[in-house]
Structure formats: structure tokens, C-alpha cells
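> Dropping a prediction and its sequence here:
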Amino acid sequence: MNKTQALSLLVEQALRGDLVFSASVATSLRVQEAINVEDCSLDTASKIILNEPLLAAKVVAVANSAAYKRSTSEVANVRSAIARLGFKTLRALVASLVVRQIAGASKNPVIRAKINQLWEHSAQVAALAQILARRVTKLDPDTAMFAGIVHEVGGFYLLSRAEEFPCLLEPDDLSGAEDDENFDALGEAGTEERSQESIIGRAVLKDLNLPSEVTSALEGLWYGLRAMPPENLGDTILLANELARTVSPLDTRTDNESNRCESDINFVVGEGSLQGILEESEDEVRTLSAALII
């Protein structure tokens, strides 16, 4: 079985709603459901989060990151951390746990390395999206961070199936692309592959019951169209995706496209510039992405 055939099989399963998740994902989804209740109190949320040690550590770490730390004092417990972050950010952090768990804990070193790289990339995109929303597009920064966290959820799902279908790790075959006919054929194949991956991504997003605002914004990632300067949530995530220093291991762009230095992307923002904002926010991006990786 080759990569295209494996993707076709996974698409068929996705269209039937036959997605394979680990038991840990089911547990985290119950946590997500519990804190989504409209009248969930701070005390109730704290007790729920304390039952998930990794999530509890992440919540405290994010609350103490430069992006959320608005005073010199550090929080040292989950209740204070939630009070500082608010429920919207808390829901984003629960989503981060779900996304990371979807890939599972592979024993294959190649798969494990790709999962770690994809999570590092996702954390950077989430941190950058939060800054861009707050300082450039003037959107809700918590929603932008949420979208950044889940923007590669389809990729995590594919990696979770890579032990069963090793061909999913194969790079796209670019041999024989010297003439126009072969180049066009390869381009069509790449478009079809992206379409298959988008179907799988949509199915996973649907199963996670994510906000429609977020799922709509992520459509742009599958087709790569954005305004410059960015205007909406989709544009914000696409720009954050390009600015992330760690590239997704599933990125199918050419080396020149995927390794573009962030300094090549710049535009005027008010009386300043994107590059000026990124330089000023470097510590916020670094500490927030590091906290999300926990």
C-alpha cells in the first residue's frame, strides 16, 4: 500500500465517522465537556483539572508565562492560575492536551520525533497567534491561541496511524518532475493529497466538537489563501504558521518556501511594523510556547 492508498482508506473511515482514538483522549474529552458547562465554577474547574497532573502543570505554567503574567507575582496553584487565565484560555489548554494525546505515545523513534516536532510547531503557532490577534488583527487572543493549538489536529491523527500505515511517513515523490506534463501531474497529486488530509482534519475537528469560528478559520490552512496584512482569524493562523521557527514535519512545501525566514514577512502596523511587534513580544512567545509544550 502506498501513501495515496493509505490516505484514501483513512478518508473512507473518516467519512463514516470511524475514527480511532486512545482511551486517554476519551478521558480528556470528558474533562473538556465538564468545564464547558455554562455554570461551571472556579472551584469545580480546579478540582477537575487537579485530577490531570500534566494539565494542571500546563495551566500553572501558562498563567506564569510572560503573555499572561501581568504583575511580578507568580501563581502557585491551579485555582489562582484559572482565575488569572479565565475559562476561555482554560478550554484552549484542555484542547491542547486532547490534541497531543491524539497522536499517542509511539515506540517508533521516527514517529515519536515527528510527533514532538509537530507539537513544538503547534505550540509556537499558538503563541504567535495569541500575540498577532492581540496586537495586529485585534481579535480575541484566547480564540486565536485555541485555533493555533488545534490547527494540526489532523496531522496528529495521521501520525497516530503511522505505525499501522508506515507509508504515511513517506515524502512526496518529486522525481520525474523535469517536464511540464510530469510537473502538472505531480501538482494535481499534491492537491488531491491535501484534499484528503483536509477531509480527515475536518472529521477529527467535528469529533472534538470545536467552535465553528475555529473550524471555519482552519479551512484557510488547507488552501493557503490569506490577506496581507492579516484581517481575520484564518489570516492570523496562516501568518503564525509561516512565522513559526519550527516547521511542521508534515509540511509539503519546497525547502525555499518552508524555510523562509520570518524577517522576510513585514508590514506596517499602526505607527510600527510586524517585525517591531515580534521583537517586542519575543519573550512572550518564547515563554508561552514553552509552557504549552509541557
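Okay, I see it.
> list the contacts for residue 195?
Contacts for residue 195 (CB atoms under 8 Å, 6 or more residues apart in numbering) come out as residue 222. (C-beta placed from N, C-alpha, C; glycine too.)
> Repeat the analysis, applying 10 Å as the threshold.
By CB atoms under 10 Å, 6 or more residues apart in numbering, residue 195 lies in contact with 7, 11, 222-223.
> cool, and residue 153?
95, 98-99, 102-103, 122, 200-201, 204-205, 207-208, 210, 218 are the contacts of residue 153 under CB under 10 Å, 6+ apart.
> Take these and lay them out in CSV including secondary structure.
As requested, the contacts of residue 153 are arranged in CSV below (DSSP: H, G, I helix; E, B strand; the rest coil):
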residue, secondary structure
95, helix
98, helix
99, helix
102, helix
103, coil
122, helix
200, helix
201, helix
204, helix
205, helix
207, helix
208, coil
210, coil
218, helix
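> Any chance of TSV for the residues you listed, columns neighbour count and pLDDT?
Converted to TSV, the contacts of residue 153 look like this (neighbours: other CB atoms under 10 Å; pLDDT from 0 to 100):
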residue	neighbour count	pLDDT
95	23	91
98	24	92
99	25	92
102	27	92
103	26	90
122	28	96
200	22	91
201	26	89
204	23	91
205	20	89
207	17	86
208	21	85
210	20	83
218	24	89
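> thinking again about what came up before, just the buried residues of the contacts of residue 195.
7, 11 (16 or more other CB atoms under 10 Å).
> between the contacts of residue 195, which is closest to residue 59?
Closest approach to residue 59 among the contacts of residue 195 (CB to CB): residue 222, at 30.7 Å.
> just checking, next helix/strand downstream of the helix or strand containing that closest one?
Under the criterion of DSSP states H and E, residue 222 resides in helix 212-223. Next helix or strand after helix 212-223 toward the C-terminus (DSSP H and E): helix 233-243.
> which strands and helices sit next to that following helix?
Under the contact criterion of 3 or more CB pairs under 10 Å, 6 or more residues apart in numbering; DSSP states H and E, helix 233-243 touches helix 109-132, helix 141-150, helix 212-223, helix 274-280.
> quick one, the third one and helix 109-132 angle?
If I follow you right, that is helix 212-223. For helix 212-223 against helix 109-132, the angle by axes from the mean of the first three to the mean of the last three CA atoms, to 10 degrees is 120 degrees.
> and the helices and strands packed on helix 233-243 as CSV, adding distance to residue 71?
Shown next, in CSV, are these (distance: least, CB to CB, whole Å):
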stretch, distance to residue 71
helix 109-132, 19
helix 141-150, 18
helix 212-223, 30
helix 274-280, 19
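> who wins for proximity to residue 48 among those?
Proximity of the helices and strands packed on helix 233-243 to residue 48 was assessed by CB to CB; the nearest stretch is helix 141-150, lying at 18.3 Å.
> The helix or strand following that closest one vs helix 212-223, what angle?
Next helix or strand after helix 141-150 toward the C-terminus (DSSP H and E): helix 153-160. Interaxial angle, helix 153-160 versus helix 212-223 (the same axes, to 10 degrees): 70 degrees.
> what about helix 153-160, average pLDDT?
Mean pLDDT, helix 153-160: 93.
> Now do it and helix 141-150, the angle between them.
Using the same axes, to 10 degrees: helix 153-160 against helix 141-150 is 30 degrees.
> Which secondary structure elements does the helix holding residue 222 sit against?
helix 141-150, helix 153-160, helix 180-207, helix 233-243.
> tell me which residues of the second one are tucked away?
This means helix 153-160. Residues 153-160 are the ones in helix 153-160 that count as buried (16+ other CB under 10 Å).
> Then stretch 216-234?
217-218, 220-221, 226, 230, 232-234.
> Which pair of these spans the longest distance?
Maximum distance among those (CB to CB): 14.6 Å, for 218 and 230.
> quick one: average confidence on stretch 223-231?
In this model, stretch 223-231 carries a mean pLDDT of 81.
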